[in-house]
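Participant: Below are the sequence and a predicted model; questions follow.
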Amino acid sequence: MELDITKPPASMQNPAPTLLGLDRAGIAVALTQFGLEAKPAKMRAAQIYRWLYHQGVSDFAKMTNLGKELRPQLTEHFDLSRPTITERLVSKDGTRKYLIRFAPGVEAETVFIPGVGRSGALCVSSQVGCTLNCSFCHTGSQALVRNLTAAEIVAQVLVARDDLNEWPTPSAGRQITNVVFMGMGEPLYNLQNVLMATGIISDGEGISISRRRITVSTSGIVPKMHELGEHGQAMLAISLHAVSDDLRNKLVPINKKYPLAELLQACKDYPGASNARRITFEYVMLDGINDSDAEARELVRLLAGIPAKINLIPFNPWPGAAFACSSWQRIEAFAQIVNKAGYSSPIRTPRGRDIFAACGQLKSASIKKRASERLRARSKNN
Ligand code: SF4
């Protein structure tokens with residue numbers, strides 16, 4: 001029997017249905033199933049929506065415009081609780097890393113990075129683990145557990161906003177201004193939930209982060225890219241990392257299925273791409289692997305005709321990684337070639353290096369820590 005990773009297994013589903021992760025229409029449907037007539041359900045749904053996503057409230061008792069009798073009934077019937085933060089690390093540069101537990105054995109990382117864009121970016125996960133085994137990526141070494149639901153993706157934003165004390169949604173001076181799907185997992189293998197979540201995150205009556213500030217990063221799942229552009233209108237980022245199929249097959253093995261020529265054609269056809277909405281190409285700098293001048297020139301040649309910007313990422317080594325980061329000199333020389341060709345190519349400042357910066361590392365460390373705690377407890381008891 002094939003495992004359906006699109007839904008949480010029944011054993012992991014909360015017995016009380018949650019309204020988190022639903023849009024107004026979804027909340028209205030849940031309320032009619034609960035017993036409200038269609039018209040009041042629609043009105044109550046709009047009120048609850050604003051409490052959940054604009055005020056950040058997770059308790060019906062605080063939803064003061066719902067009516068005294070209705071509040072306890074809703075509390076009994078629906079669950080609004082947030083997932084739990086099992087690890088929370090704050091770097092000296094202000095980066096905050098959370099390991100969030102959605103259900104037993106279902107944990108993913110979320111990272112808040114201050115000082116990106118106008119203010120700060122929240123990097124969210126779309127899956128627990130990943131199937132794609134990119135060889136430079138720590139998450140790629142972890143088996144896929146399952147897709148995160150739309151509710152679980154949205155909950156990462158809510159949890160981070162709780163931690164940053166950023167409720168109700170401020171109209172100015174926000175800390176989280178951008179959301180990037182660059183955490184654990186391949187978002188386009190969980191597209192329906194990612195689309196649902198981006199709809200809620202961008203809604204002006206709630207969390208209100210504009211679609212132009214939501215970026216979905218893919219390793220290159222070509223057949224799903226058009227749908228993302230059409231329905232999600234999110235900004236697109238491509239995890240490129242190599243300029244030849246030979247090398248990309250090794251670094252990003254999904255390239256064997258969707259080679260560079262197909263991937264770049266899908267970028268040219270991406271709905272809404274323009275000079276004002278450029279596609280970001282991420283390029284991790286690996287010492288002696290993909291960082292030569294010739295490769296920088298080839299990158300420029302390949303991207304001709306695509307409204308692009310290039311993000312050079314110094315590799316974040318993790319224990320057991322087969323790669324080292326290119327020298328700063330090499331990264332700058334590479335950037336210069338790309339810059340001269342007219343592409344913006346910022347070098348991403350390494351952030352949070354003191355708190356398990358590589359994606360997936362906090363989860364591994366936490367699993368190891370728990371295993372050694374169990375061993376210690378066992379040896380004490382023996
Ligand atoms: S880079 Fe992204 S797609 Fe590749 S293994 Fe890591 S999480 Fe998966």
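Facilitator: Ah, there it is.
Participant: Can you name the residues of the protein that neighbour the ligand?
Facilitator: Taking C-beta under 6 Å from any ligand atom as the criterion, the chain approaches the ligand at residues 130, 132-134, 137, 139-140, 184-186, 219, 239. All C-beta spots, glycine's among them, are computed from the backbone N, C-alpha and C.
Participant: among those, which ones are buried?
Facilitator: The neighbour-count test (16 or more other C-beta atoms under 10 Å) marks 130, 132, 134, 137, 139-140, 184-186, 219, 239 as buried among the residues of the chain next to the ligand.
Participant: Apart from its chain neighbours, what residue comes closest to S91?
Facilitator: In this structure, S91 finds its nearest non-sequential neighbour in G352, 3.9 Å apart by C-beta to C-beta, 6 or more residues apart in numbering.
Participant: where are the low-confidence patches of this structure?
Facilitator: Confidence mapping of the chain against pLDDT under 70 gives the ranges 1-15, 116-118, 356-358, 367-382.
Participant: same for the single longest strand found in it, what does it pack against?
Facilitator: For the chain, the longest strand by residue count, based on DSSP state E, is strand 106-116. Contacting strand 106-116 under the criterion 3 or more C-beta pairs under 8 Å, 6 or more residues apart in numbering; DSSP states H and E are the following elements: strand 96-103, strand 119-123, strand 127-128, helix 150-163, helix 361-381.
Participant: now, of the ones you listed, which is deepest in the fold?
Facilitator: strand 127-128 (a mean of 26; mean count of other C-beta atoms under 10 Å).
Participant: Past it, which element shows up next along the chain?
Facilitator: Next in sequence after strand 127-128, counting helices and strands by DSSP states H and E, comes strand 146-147.
Participant: which residues touch the nearest residue to H77 once chain neighbours are set aside?
Facilitator: Leaving aside its sequence neighbours, H77 sits nearest to F34 (C-beta to C-beta, 6+ apart; 5.7 Å). When contacts are counted by C-beta atoms under 8 Å, 6 or more residues apart in numbering, F34 touches 74, 77-78.
Participant: Just the residues you listed: which are in strands?
Facilitator: Short answer: the contacts of F34 have none in strands (DSSP E).
Participant: which one of the residues you listed has the most neighbours?
Facilitator: L74 (21 neighbours; other C-beta atoms under 10 Å).
Participant: I'd assumed K62 was in contact with that one.
Facilitator: No. Using C-beta atoms under 8 Å, L74 makes no contact with K62, being 11.7 Å away.
Participant: If we ignore the residues flanking it in sequence, what's nearest the closest residue to the ligand within the stretch 201-350 of the chain?
Facilitator: Closest to the ligand within the stretch 201-350 of the chain is S219: 4.1 Å, counting by C-beta to the nearest ligand atom. Spatially, and ignoring its direct neighbours in sequence, S219 is nearest to S239 (4.6 Å; C-beta to C-beta, 6+ apart).
Participant: same check, this time on C325
Facilitator: Nearest non-adjacent residue to C325, counting by C-beta to C-beta, 6+ apart: F315, 4.1 Å away.
Participant: Verify the contact between M63 and A45 for me.
Facilitator: No. M63 is beyond contact range of A45, at 11.9 Å (criterion: C-beta under 8 Å).
Participant: What's the local residue count around S171?
Facilitator: Using other C-beta under 10 Å, the number of residues around S171 comes to 7.
Participant: give me the element it is part of.
Facilitator: Using DSSP H and E, S171 falls outside every helix and strand.
Participant: tell me the contacts of it?
Facilitator: Counted by C-beta under 8 Å, 6+ apart, S171 has zero contacts.
Participant: Contacts for the host helix or strand of L236, please.
Facilitator: Assigned by DSSP H and E, L236 falls within strand 235-239. Residues outside strand 235-239 that contact it (C-beta under 8 Å, 6+ apart): 134, 180, 182, 211-220, 225, 228-229, 252, 263, 267, 270, 273, 277, 279-282, 311.
Participant: In helices only, show me those residues.
Facilitator: In this view, those that belong to helices under DSSP state H are 225, 263, 267.
Participant: I'd say the first one and L188 touch.
Facilitator: So that's M225. Yes. With contact defined as C-beta under 8 Å, M225 reaches L188; the gap is 7.0 Å.
Participant: out of the two, which sits in the more crowded spot?
Facilitator: M225 (24 against 21).
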